[in-house]
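In: sequence unknown, structure follows:
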C-alpha cells in the first residue's frame, strides 16, 4: 500500500472512531434505565480500548519508521500519552484489572487535549510560538488532510476520545 492509501485508511478508521463515540453516547443516553445496560462486559470494553490504542501506536510507528514522516514536537507529546496507554490497557486487560480506567483515563484526557491543540495549530499556524516547534519539523504541517479535515492529530484525538469513552463505560460495568 502507498502512503496515500494508508493515510486514507487511517482517516476512515478515525471517522469510524467518531461514529462509534457518537453511537455510544446515544445508546448510553437512551439506555440509562434499560435492562440491557450491562450487555457488554467491562472486560470487552477494555479489550476494544486496548486494541484501539495498540492500533494507533502501530499506526504512528508506521508513519515515522516506514513512511519516514518526521514527527513534530506535538506529535511526540501525543505519542508520550498513546504508547504507555496501549501498554497499560493491555496489561490491565490481561490482569483483569477493574481499575484500569483509573490509569487510562488521565492519559486519554491529556492525549485528547494535546491532539486538539495540535489540530488547532494546523488550522491557525500563527498560534505556534517561536519556541513551540522546530524549523525542520513544524507543527503546522499537514502530512495528511483527508476528506478536507482529517489530519494526523485529528486521527490521534479520535482514538483518545473513543478509548476514554470506552474506559468510562467500563467503570460502570461488573
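Out: Looks like it came in fine. Every value quoted in this text rests on a predicted model; they were computed, and no experiment measured them. Residues are numbered from 1 along each chain as shown.
In: which parts of stretch 98-107 are buried?
Out: For stretch 98-107, a neighbour-count test (16 or more other Cβ atoms under 10 Å) marks 100-101, 103-105, 107 as buried. C-beta coordinates here come from the backbone N, C-alpha and C atoms, glycine included.
In: ok, residue 52 - contacts?
Out: Residue 52 is in contact with 17, 159, 162-163, 166, counting by Cβ atoms under 8 Å, 6 or more residues apart in numbering.
In: from residue 141, how far off is it?
Out: Counting by Cβ to Cβ, to the nearest Å, the gap from residue 52 to residue 141 is 25 Å.
In: quick one: low-confidence residue ranges for this protein.
Out: Scanning the chain for pLDDT under 70 picks out 30-39, 128-132, 174.
In: what do you get if the cut-off is 80, keeping everything else the same?
Out: 28-39, 127-138, 173-174 (pLDDT under 80).
In: which residues of it fall in strands?
Out: With strands called from DSSP state E, the chain shows none.
In: next one: residue 121 from residue 62, what distance?
Out: 23 Å.
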